[in-house]
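Participant: sequence and computational prediction follow.
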Amino acid sequence: MKSKKIILIRSLFTVLFCLSAVMLFGQQNNTKQPRAKQTAQVGGQYTGQKIVTGVVRDDNGDPLIGVNVQAVGTQTGVITDVNGKYSIQVSAGAKLSFSYIGFQTQTLSVDTGSVLNVKMSEDAQSLEEVVVIGYGQVTKKDATGAVATLKAGNMNKGAITTPQDMLTGKVPGLLIVPGDGQPGSGTTIRIRNGSSLSASNSPLIVIDGVTTSDDAGVGMSNVLGALNPEDIESFSVLKDASATAIYGSRASNGVIIITTKKKGGSKALKVEYSSTYSANVNSGKVPVLDADEFRAYIDEYYPENTLSGAAVHKAINYTYPDGTIGYYNTDWQKEIYRIGLSTDQNIGISGGGDKYPFRVSLGYTDQNGTLKGSNFQRFTQAVTFTPKFFDKHLSVSINLKATENKNKYVSTGAINAAAAFDPTKPVHFYNADGSIDYNKYNGYFQWLNPDGSINRNGSENPVSRLSGYWDETQVFRSR
C-alpha cells in the first residue's frame with residue numbers, strides 16, 4: 001500500500017511540473033509580441049524611442065533650476081537639476097516644451113541629434129504684473145489668496161483728504177463707513193464684514209512694511225490721516241485668512257497694504273505740483289418750526305387768556321432790561337453751520353535716473369468743517385532715496401517721513417441742540433442800548449432761574465455750546 005501511495009504522489013508532482021512549464025512558456029511569448037511592434041514601419045518612418053539631454057540657461061548663461069520639460073501631447077515630463085541639466089526619453093520627431101515662471105515658454109522639435117541645449121528669455125510683461133502680499137511680491141496669477149490691487153490711475157479723484165477717500169467704492173468686499181463728518185475724522189473699515197462681537201474687527205494696515213490699524217491712532221481720530229494721499233502709489237487688499245500665514249492672528253480681519261511712491265524716474269529733474277480747492281456745504285437741515293410757526297402752535301394750544309397760556313407766553317417772549325419785548329426769529333441751525341472751505345497743496349521733486357533715484361515731497365492740507373470752529377491741518381514731508389551699487393547687485397533704500405497733524409474738535413451735541421432750541425430766543429443777552437451783555441454767561445442767552453442762575457433743566461444754547469468747547473490736538477509722527 002505504501003508503494004502505491006508513493007507512486008501516486010510522484011505522478012501528481014510530474015503533472016504540476018508540466019503545467020508550470022507550459023504557463024511560463026506562454027508568458028514569455030506574450031512579452032515578446034509588443035517588442036516586435038515597436039519597430040513596425042508606419043508611413044515610411046520609425047517610432048523608436050530616444051533619449052534627449054541638454055542644459056537650460058538664461059540670457060546671462062546661468063543654469064536654470066526646476067525648468068519644466070515636457071513632451072508635447074504626452075504626460076512625459078522632467079525638471080532640470082541644480083546644474084540646469086535634463087534627460088528625457090521621447091519619440092523621434094517629438095516636440096519638447098520648456099516652461100519656467102517669469103520666462104517665455106519655448107517649444108522646440110527633437111531632430112536627429114540627442115543633445116538639445118536651450119536658452120530662455122525673461123517674460124517682461126508677466127514680471128511687471130506683481131501683487132504685494134506681505135513682506136514681498138508675487139505675480140498676480142501666483143497669488144493663492146483673494147487679493148485686490150488698486151493702482152494710482154484707478155483711485156478716486158477730486159477733493160481727497162485721507163487715504164480712505166481713495167478706496168471708497170473701489171474694492172469689492174471692502175466697506176468704508178464715514179465717521180462723524182468732522183474734518184480729518186476717522187472711518188470704520190471692514191473687509192467682508194466683522195467676525196467678532198467683543199474684539200476689534202478692524203483690518204491690519206501695513207504702510208511700507210510698518211504695521212498698524214485704523215483704530216491705533218493715539219491722539220488722532222484717524223491713523224491714516226497722517227498719510228498724504230499724494231504719496232500713495234498702490235493699495236493691496238488681502239481679504240481672506242491666508243494673510244494670517246504672513247502676519248499671524250492680527251490679519252484675521254484682512255490686511256490693507258499701502259505702498260508709497262519711491263522711484264525717481266528719469267535723470268532730468270522733475271517737479272510736480274498739485275493744488276486743490278473745495279467747498280463743503282450741508283445738503284439739508286433738520287425740518288423744525290420757525291418762530292412764527294412755533295408761536296402759532298402756542299396760541300392754538302395755550303391761549304394767552306388762560307392761566308397756563310399766560311405763563312407760556314411769558315416764557316417765549318424775551319424781555320429787554322428796559323421792559324420792552326423782543327420778538328426774535330432765530331434759525332439755530334444757520335447759526336452753527338457754515339460753508340467749509342478747504343485747500344490741499346502738494347509738491348514733489350524727483351530724479352536721479354535708475355542708478356540714484358530719489359523723490360522729495362511736501363504737502364499741506366487745511367480743511368474746515370461745516371460745523372463752525374472745526375478744522376483739520378496736516379503738514380507732511382517725505383524723502384526717499386534708493387541708490388544701486390556694484391552693477392545693481394546692491395540696493396539701498398532710505399525712506400524718511402514726517403507728519404504734523406492739528407485737529408480742532410467741536411461739540412457735535414450742538415447739532416441736536418440747534419434742532420430742539422426755542423426759535424423765539426436770541427443768540428445773546430443784550431443791554432438796554434442793544435449791545436451784547438458779556439457780563440452774563442459770556443453774552444450768550446441761557447435759560448435762567450428766578451435768582452439769575454442757569455436753569456440746568458433747560459436746553460443749552462447751541463452757539464454757546466460751540467464757543468465754550470475747546471478740544472485741540474497736535475500730533476507729530478516720523479518714521
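Facilitator: Alright, I've got the coordinates.

Participant: mind giving me the packing neighbours of the strand or helix carrying residue 362?
Facilitator: Here residue 362, judged by DSSP states H and E, is contained in strand 358-368. Contact partners of strand 358-368 among helices and strands, from 3 or more C-beta pairs under 8 Å, 6 or more residues apart in numbering; DSSP states H and E: strand 340-351, strand 375-385. Where you see a C-beta, it was placed from the backbone N, CA and C, and this is true even at glycine.

Participant: please, where are all the helices along the stretch 51-200 of the chain?
Facilitator: 124-128, 163-167 (DSSP state H, counting those that start in this stretch).

Participant: other residues contacting the strand holding residue 362?
Facilitator: 161, 183-184, 228, 230-231, 261-264, 280, 338, 340-352, 374-386 (C-beta atoms under 8 Å, 6 or more residues apart in numbering).

Participant: return the distance of it from the chain's centre.
Facilitator: Between the centre of strand 358-368 and the centre of its chain there are 21 Å (C-alpha atoms, centre = their mean, to the nearest Å).

Participant: repeat that for stretch 427-446.
Facilitator: Centroid displacement of stretch 427-446 relative to its chain, using C-alpha atoms, centre = their mean, is 52 Å.

Participant: using PDB, list the CA coordinates for it.
Facilitator: Extracted in PDB, the C-alpha atoms of stretch 427-446 (Å, rounded to 0.1, in the frame of the first residue of the first chain):
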ATOM      1  CA  VAL A 427     -28.400 134.300  20.400                       C
ATOM      2  CA  HIS A 428     -27.100 136.800  23.000                       C
ATOM      3  CA  PHE A 429     -28.100 138.600  26.100                       C
ATOM      4  CA  TYR A 430     -28.500 142.300  25.300                       C
ATOM      5  CA  ASN A 431     -28.100 145.600  27.200                       C
ATOM      6  CA  ALA A 432     -30.700 148.400  27.100                       C
ATOM      7  CA  ASP A 433     -28.800 150.100  24.300                       C
ATOM      8  CA  GLY A 434     -28.900 146.900  22.200                       C
ATOM      9  CA  SER A 435     -25.200 145.900  22.700                       C
ATOM     10  CA  ILE A 436     -24.300 142.400  23.900                       C
ATOM     11  CA  ASP A 437     -24.200 141.900  27.600                       C
ATOM     12  CA  TYR A 438     -20.900 140.000  28.100                       C
ATOM     13  CA  ASN A 439     -21.400 140.100  31.900                       C
ATOM     14  CA  LYS A 440     -24.000 137.300  31.600                       C
ATOM     15  CA  TYR A 441     -22.500 134.000  30.700                       C
ATOM     16  CA  ASN A 442     -20.200 135.400  28.100                       C
ATOM     17  CA  GLY A 443     -23.000 137.200  26.400                       C
ATOM     18  CA  TYR A 444     -24.900 134.000  25.300                       C
ATOM     19  CA  PHE A 445     -28.600 133.600  26.100                       C
ATOM     20  CA  GLN A 446     -29.400 130.900  28.600                       C
END
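
Participant: would you mark the buried spots in it?
Facilitator: Buried residues in stretch 427-446, counted by 16 or more other C-beta atoms under 10 Å: 427, 428, 429, 430, 431, 437, 440, 441, 443, 444, 445, 446.

Participant: and if you look at stretch 446-462?
Facilitator: With burial defined by 16+ other C-beta under 10 Å, the residues of stretch 446-462 counted as buried are 446, 447, 460, 461, 462.

Participant: follow-up on the earlier one: got the angle for the strand holding residue 362 vs strand 375-385?
Facilitator: Per axes from the mean of the first three to the mean of the last three C-alpha atoms, to 10 degrees, the angle that strand 358-368 makes with strand 375-385 is 180 degrees.

Participant: list the strands paired with strand 358-368, with their directions.
Facilitator: Neighbouring strands of strand 358-368 in its sheet, by DSSP bridges, are strand 340-351 (antiparallel), strand 375-385 (antiparallel).

Participant: can you list contacts of the last one?
Facilitator: It stands for strand 375-385. Applying C-beta under 8 Å, 6+ apart, the contact partners of strand 375-385 are 161, 182-184, 225-228, 231, 260-262, 352, 356-369, 396-408.

Participant: quick check: next helix or strand after it?
Facilitator: Using DSSP H and E, the helix or strand that follows strand 375-385 in sequence is strand 388-389.

Participant: ok now that following strand, how far from the chain's centre?
Facilitator: Worked out by C-alpha atoms, centre = their mean, strand 388-389 lies 31 Å from the chain centre.

Participant: low pLDDT regions in the stretch 301-450 of the chain?
Facilitator: Applying pLDDT under 70 to the stretch 301-450 of the chain flags residues 320-326.

Participant: quick one: the strands in it?
Facilitator: 318-319, 325-326, 340-351, 358-368, 375-385, 388-389, 394-395, 398-409 (DSSP state E, counting those that start in this stretch).

Participant: in the fifth one, what counts as buried?
Facilitator: So that's strand 375-385. The neighbour-count check on strand 375-385 (16+ other C-beta under 10 Å) flags 375, 376, 377, 378, 379, 380, 381, 382, 384, 385 as buried.

Participant: since that was my last question, I'll sign off now.
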